[in-house]
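# Pasted the sequence and its predicted model underneath.
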Amino acid sequence: MLHKISHHCARMRMTLFLSTSLLSPISTLGIPTSGDSQKVSTPKHLYASPPSSFSTKSPTSNPEWTLLYHHFEPPFPGRAQPIRLLFVDAGVDFLETGENLYGPTGYCDVFRGAGPNKKIFDKTQAQKQFAPYPVMAPPIIWHNRASMGKEPVFINQLPAILRYVGTVLGYSPSSQDPGDIARCDKITLDVCDYITEGRGSFHPLDTEASYSEQKEEGDRVSKEWSQRRMMIWLHCFEKMLEQRTCSQSEGGFVVGNCVTYADIALYWACEATKAQFDNDFYGYAWTNADIPLLKAFKEGFDKRSNIAGWVGRFPYSGDSMM
């Protein structure tokens with residue numbers, strides 16, 4: 001089924017069936033029609049129960065797309081957010097679960113240490129392999145997990161995930177020009193650096209300790225970061241939009257004439273920035289920033305039919321840009 005996204009490109013939408021017999025779905029995507037978009041089958045974001053309730057059995061019999069990420073209460077956007085946004089914009093069902101990320105037989109190497117919080121190196125545990133492919137930490141995408149005759153793909157690292165999922169779902173540059181692909185990768189990596197910097201400003205004493213354990217210093221450093229480094233980054237993103245070949249009236253995409261995974265990444269940066277820093281403590285940093293193109297870019301994505309109709313969004317935690 002084809003779903004018209006803009007005057008410049010259309011995406012092949014995938015109709016997926018996800019069994020819910022072992023899930024506790026907490027959200028469904030409502031997709032209103034607007035502009036030149038056509039109504040498509042309502043995709044589902046199936047959010048499984050917390051990992052403590054899992055058995056080793058797969059939570060669904062035949063998922064094409066599984067997103068593995070931390071399942072805390074309450075759930076939070078985190079680094080899985082741009083992956084969710086990509087699936088939502090594409091109108092593709094996906095299962096999200098925290099299944100088997102942690103512990104001595106978990107997928108993630110970083111969570112198989114010894115001692116408090118698994119922070120002590122344990123050579124025996126480090127040498128073990130329980131995942132389909134070695135991974136350090138989530139988010140993780142598992143594609144074709146149970147498909148017969150298709151090669152499963154199990155990868156972490158957000159830029160790699162966005163490029164892979166984007167390529168499969170048609171969110172690569174329409175030109176397939178190596179330069180455009182490189183620019184998409186560059187923007188995605190810039191966004192990941194930006195979010196990492198921003199998160200780090202809330203954890204200035206210990207990156208692995210919680211914000212609440214270093215709140216006083218975290219508040220001071222994050223406020224300083226929002227006044228200087230964040231503004232440098234936002235103006236860098238603004239200049240990227242100034243350089244685009246497609247005008248705002250034509251869709252305003254950051255690379256080429258079609259929405260790409262770089263647009264999704266940049267939208268996530270805007271969303272996280274506004275959610276975290278547009279308040280009195282940070283001087284309404286987003287509202288007062290002189291970045292008209294970036295603000296218009298975010299507003300345009302806010303109105304995309306599937307994103308606007310996403311009723312299952314997790315609220316940002318209020319610290320760490322997560």
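Right, received. Where do you want to start?
# residue boundaries of the helices in the chain?
Secondary structure of the chain (DSSP state H): helices at 81-90, 123-127, 158-169, 178-201, 215-227, 229-242, 261-277, 285-288, 292-302, 305-308.
# could I get the ones you listed as CSV with mean neighbour count, distance to residue 317 and mean pLDDT?
(Each C-beta comes from the backbone N, C-alpha and C, glycine too.) Formatted as CSV, the helices of the chain follow (neighbours: other CB atoms under 10 Å; distance: least, CB to CB, whole Å; pLDDT from 0 to 100):
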stretch, mean neighbour count, distance to residue 317, mean pLDDT
helix 81-90, 24, 12, 97
helix 123-127, 11, 30, 87
helix 158-169, 20, 18, 98
helix 178-201, 18, 11, 97
helix 215-227, 16, 13, 98
helix 229-242, 16, 18, 97
helix 261-277, 25, 9, 98
helix 285-288, 16, 17, 98
helix 292-302, 17, 20, 95
helix 305-308, 20, 20, 96
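# do you know which of the ones you listed lies nearest residue 152?
helix 158-169 (12.4 Å; CB to CB).
# Distance from the closest one to the middle of the chain?
Relative to the mean C-alpha coordinate of its chain, helix 158-169 is positioned 11 Å out (CA atoms, centre = their mean, to the nearest Å).
# before we move on, what about stretch 83-102?
Relative to the centre of its chain, stretch 83-102 is centred 9 Å away, using CA atoms, centre = their mean.
# try stretch 82-98
Using CA atoms, centre = their mean, the offset of stretch 82-98 from its chain centre is 9 Å.
# now swap in stretch 230-242 and tell me
Worked out by CA atoms, centre = their mean, stretch 230-242 lies 20 Å from the chain centre.
# next one: stretch 267-282
On CA atoms, centre = their mean, the centre of stretch 267-282 falls 16 Å from the chain's centre.
# can I have that stretch written out in PDB, keeping just the CAs?
C-alpha atoms of stretch 267-282 as PDB (Å, rounded to 0.1, in the frame of the first residue of the first chain):
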ATOM      1  CA  TYR A 267      13.100  16.500  14.700                       C
ATOM      2  CA  TRP A 268      14.000  14.400  17.700                       C
ATOM      3  CA  ALA A 269      16.700  17.000  18.700                       C
ATOM      4  CA  CYS A 270      14.100  19.800  18.400                       C
ATOM      5  CA  GLU A 271      11.500  17.800  20.400                       C
ATOM      6  CA  ALA A 272      13.900  17.000  23.200                       C
ATOM      7  CA  THR A 273      15.300  20.500  23.400                       C
ATOM      8  CA  LYS A 274      11.900  22.100  23.700                       C
ATOM      9  CA  ALA A 275      10.700  19.600  26.200                       C
ATOM     10  CA  GLN A 276      13.800  20.000  28.400                       C
ATOM     11  CA  PHE A 277      14.800  23.700  28.100                       C
ATOM     12  CA  ASP A 278      11.700  25.700  27.300                       C
ATOM     13  CA  ASN A 279      10.800  26.600  30.800                       C
ATOM     14  CA  ASP A 280      11.400  29.400  33.400                       C
ATOM     15  CA  PHE A 281      14.600  27.800  34.900                       C
ATOM     16  CA  TYR A 282      16.300  27.800  31.500                       C
END
